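J.: structure for the following, please:
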Amino acid sequence: MLTLKTLSLALVGTAVIFMGANPANAVSLTRGGSTPVAGEGQKTNIQGAKTIDFNDGIAPSSGNVTYSATNGIVQGNVSGQYASPFGNTSKYLTISPKGDKDNGQDFAGNTGDVTISFASALDYFGFYWGSVDTYNFVDVYSGGSLLKRFSGLDVPGAPANGEQSGDANNVYVNLLADKGQTFDKVVMRSTGRAFETDNHSYRVASVPEPTSVLSLVAFGTLGAGSFIKRKSKNAQSLGF
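T.: Alright, predicted model coming up:
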């Protein structure tokens, strides 16, 4: 027999499942949504985002944002190793293949990849991508699971040919979580020289208010009560 108590409990369980489920499991890459800043290239104009510009020569290694490698902060150009993103004369991050050497010597950023971990889940991450190449990759994770992988070929309108000048191949890109999705780790890696980026920006995802969940449960409980009452009245009118 269906009772108010059992139906209410069922609705509560449904509400919890509904609120806890991720209706999507992807992240989208777009370009734009940025503003040129003299000497620093492009910076995001996404509302609520925080920016890491590396101007102090440091990549965060603790706290809310952690970079796995911090030896790739450079400035200017070194032929055959790295080139500053177009319009950027400030410090930036470069990544080259792991253990790569130039004339037998190590150089900045030859770690192969840099993992950027976040203490809180994000719904947005953006960065200024210099001289986009096909061998530059960005992997987006949530809880250890790979959500999406992008390469230079995925940047809209970019030829991904390593061109170091002009806006076509020096692009501000945005990684946007689909509705209901978040992510907490971004891995930048390169299989060639080099992957140059600056002005990394991120936004912590908003958390639904607890009252929203309670309201949904309360609504379900009230609906169950109305259903039981209607069923009871119908049964009485039929003489049961």
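J.: isn't S68 up against V114?
T.: Yes. S68 lies in contact with V114 (C-beta atoms under 8 Å); the separation is 5.7 Å. Quick note: C-beta positions are derived from backbone N, CA and C, even for glycine.
J.: okay, those two: which has more neighbours?
T.: Neighbour count, other C-beta atoms under 10 Å: between S68 and V114, V114 has more, with 23 against 15.
J.: bridged to that one, which residues?
T.: In this entry, V114 is beta-bridged to M188, by DSSP bridges.
J.: which residues touch it?
T.: Residues near V114 by C-beta atoms under 8 Å, 6 or more residues apart in numbering: 59, 67-69, 72, 93, 95, 187-189.
J.: can you count the residues close to G157?
T.: G157 has 11 neighbours, counted by other C-beta under 10 Å.
J.: distance of it relative to G192?
T.: For G157, the distance to G192 (C-beta to C-beta, to the nearest Å) stands at 21 Å.
J.: now swap in N110 and tell me
T.: Distance from N110 to G192, by C-beta to C-beta: 12 Å.
J.: what residues are shared contacts of the two?
T.: Common neighbours of N110 and G192 (criterion: C-beta under 8 Å, 6+ apart): 96-97.
J.: neighbour count: these two, which is higher?
T.: A side-by-side neighbour count of N110 and G192, using other C-beta under 10 Å, places N110 first with 24 against 13.
J.: who's in contact with G33?
T.: Under the criterion of C-beta under 8 Å, 6+ apart, the contact list for G33 reads 44-46, 126, 172, 174.
J.: which one of the residues you listed is nearest to S28?
T.: S28 lies nearest to N174 out of these, by C-beta to C-beta, at 8.3 Å.
J.: after the helix or strand of the chain with the lowest mean pLDDT, next one along is what?
T.: For the chain, the helix or strand with the lowest mean confidence is helix 4-20, at a mean of 41 (criterion: mean pLDDT, DSSP states H and E). As assigned by DSSP states H and E, the chain's next helix or strand after helix 4-20 is strand 27-31.
J.: next SSE after that following strand?
T.: strand 34-37.
J.: direction included, what does that next one pair up with?
T.: strand 41-44 (antiparallel).
J.: so which of the contacts of V114 wins on neighbours?
T.: L93 (28 neighbours).
J.: who touches the helix or strand in which it is found?
T.: Assigned by DSSP H and E, L93 belongs to strand 91-95. If you take C-beta under 8 Å, 6+ apart as the criterion, strand 91-95 is touched by 53-57, 59, 72-75, 81-82, 84-85, 108-109, 111-114, 128, 130, 188-190, 194-198, 200.
J.: I'd like to know which of these are buried.
T.: 53-54, 59, 72-74, 81-82, 84-85, 108-109, 111, 113-114, 128, 130, 188-190, 194-198, 200 (16 or more other C-beta atoms under 10 Å).
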